[in-house]
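Undergrad: how would this look folded up:
(one chain, ligands or ions: 1)
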Amino acid sequence: MTQKRLRTGWAARTPTFINICLVGNGSFTEEQERTFDERARYWMQRLGLPASAVKGHKEFPGQSTNCPGIDMNLVRARLAGQVADTSALSKNEKSDLKFTSGTLRKEFETFLGSKAQREIAVKAAVEAGYSEKWIKVLGEGRAADGDIVMLGLGALIRANK
Ligand SMILES: [Zn+2]
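TA: Numbering: from 1, shown residues only. This is a model prediction of the structure:
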């Protein structure tokens, strides 16, 4: 069992840290990484924390472990949007999209990683005339990232033509 901890260092009433626990050590499935990123981003947004507040088990004082056995700097960079967030995209459909703007890339990644924003895109698409099956597809977790992006764009285009 390994743990990654999200330290808040906040005063009374807020927890000192939030523990996000992943089963495994050194290597995690894509699904685990995606879920971890989603939860970490959620708490970062909710508590206004920078990626630097995300700590691996081994990074806490007094720990004699190499858990979680992965490079936490990469994890933090990914969370900060400093590197392409391939974990938000499934292995077979890594995005070829290029960005010259880091801000837009970050927004894109946030969009793909946000359940609420995905739902908004699909709902808008269905309202714009796309098949209602997409709501079901999304609910069952079968919608690919490309589908969602295009549904969101398509909704906008249909609404403005
Ligand atoms: Zn651990």
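Undergrad: Would you agree Asn109 is in contact with Gly81?
TA: One thing to correct before we go on: residue 109 is Glu, not Asn. Yes - Glu109 is in contact with Gly81 according to Cβ atoms under 8 Å; the separation is 5.7 Å. Quick note: C-beta positions are derived from backbone N, CA and C, even for glycine.
Undergrad: Those two: who's more crowded?
TA: Remark: of Glu109 and Gly81, Glu109 carries more neighbours, 23 against 19, as counted by other Cβ atoms under 10 Å.
Undergrad: pLDDT value on the more buried one, please?
TA: Listed pLDDT for Glu109 reads 84.
Undergrad: Ok, the one 5 residues further on next?
TA: You'll see Ser114 listed with a pLDDT of 87.
Undergrad: Equivalent analysis for Ile70, please.
TA: pLDDT, read off for Ile70, is 89.
Undergrad: helix/strand/coil for it?
TA: Recorded secondary structure, Ile70: coil (DSSP: H, G, I helix; E, B strand; the rest coil).
Undergrad: Now it. Nearest residue, chain neighbours left out?
TA: Nearest non-adjacent residue to Ile70, counting by Cβ to Cβ, 6 or more residues apart in numbering: Gly26, 6.4 Å away.
Undergrad: That's all I had, so thanks and see you.
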